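# Fold the following and give me the result.
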Amino acid sequence: FAMLSGRNLRVYWRDPEFRMFIGVQLTLVLICTLVLWFHNVYESGWQTLNQAFFQVVSMAPPAGFTTDSIARWPLFLPVLLLCSAFIGGCAGSTGGGLKVIRILLLCKQGNRELKRLVHPNAVYTIKLGNRALPERILEAVWGFFSAYALVFLISMLAIIATGVDDFSAFAAVAATLNNLGPGLGVVADNFTSMNDVAKWILISTMLFGRLEVFTLLVLFTPTFWRE
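Have a look, this model is predicted:
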């Protein structure tokens, strides 16, 4: 809306979240293209770039589409793309993951803590663009990150307890929590090989990811039901 009303594309580039999102996407495309080209996975350079671009755009801000099985790629790339799904899309999008804006704020806060180690008495304000952010927002980001990590860890351990190997458990939980779709290991193509208990766990994990954790967690708090 801001772009259409002002008729200026620069409004996009002034958004730090958009800049980080584009930077992450282009970096992943470059890495995937170079690794695929080095290993001669595809016949031509254009096909290599095309596959790398599509898979990155589909998996990094999780959309779930594939044009080729990434299981045939060098293992480094599928794992990289699976991990990039944790970053996810931009705020307000239907993509899964932690969201780019939260990752950006976590990085900014980490940078601030490093500066405080050097200058303990200095006062540093975290800004997003030209706007200073209140500490309450940063606390909410850390709270969401902690809950997200806890759900991921518990789900992964529960899947392993059902007899699934650890790599496939990691891939399955990452795919469902981030609403990604494609996985690795025994879930590289589909989830039919998973046992029934594991499937129920993954269904719950997918709900946590789609509802962004807190929306579902609040239903299990006594305070919610008392009020």
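# Which helix in this protein has the most residues?
Identified as the longest helix of the chain according to DSSP state H is helix 135-161.
# Can you name every helix or strand that that one contacts?
Helix 135-161 sits against helix 100-118, helix 166-177, helix 196-210, helix 214-217, with contacts defined as 3 or more C-beta pairs under 8 Å, 6 or more residues apart in numbering; DSSP states H and E. Glycine gets a C-beta too; all of them are placed from N, C-alpha and C.
# out of these, nearest to residue 151?
helix 196-210 (5.1 Å; C-beta to C-beta).
# quick one: average pLDDT of that closest one?
Model confidence over helix 196-210, given as mean pLDDT, is 91.
# Next, give phi and psi for residue 131.
Main-chain dihedrals, residue 131, degrees, to the nearest 10: phi -110, psi 130.
# CA atoms only: put stretch 42-54 into CSV for me.
Only the C-alpha atoms of stretch 42-54 are listed here, as CSV (Å, rounded to 0.1, in the frame of the first residue of the first chain):
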residue,chain,number,x,y,z
TYR,A,42,22.4,-30.7,-13.9
GLU,A,43,23.4,-30.6,-17.5
SER,A,44,23.4,-26.9,-18.1
GLY,A,45,24.2,-23.7,-16.2
TRP,A,46,20.7,-22.3,-16.8
GLN,A,47,19.0,-25.5,-15.4
THR,A,48,21.3,-25.3,-12.4
LEU,A,49,20.4,-21.7,-11.7
ASN,A,50,16.7,-22.4,-12.4
GLN,A,51,16.5,-25.3,-10.0
ALA,A,52,18.5,-23.5,-7.3
PHE,A,53,16.4,-20.4,-7.6
PHE,A,54,13.0,-22.2,-7.4
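# how far out from the middle of the chain is that stretch?
24 Å (C-alpha atoms, centre = their mean, to the nearest Å).
# What mean pLDDT does that stretch get?
The average pLDDT within stretch 42-54 is 89.
# cool, and stretch 111-121?
Averaged over stretch 111-121, pLDDT sits at 89.
# With stretch 163-179 instead?
90.
# what's it in contact with?
Stretch 163-179 is contacted from outside by 62, 64, 82-83, 85-86, 88, 95-97, 148, 151-152, 155-156, 159-160, 180-188, 191, 194-195, 198, 202-203, 205-206, 208-210, using C-beta atoms under 8 Å, 6 or more residues apart in numbering.
# and these, which are buried?
Using 16 or more other C-beta atoms under 10 Å as the burial test, the contacts of stretch 163-179 include 62, 82, 85-86, 88, 95-97, 148, 151-152, 155-156, 159-160, 180-188, 194, 198, 202, 205-206, 208-210 as buried.
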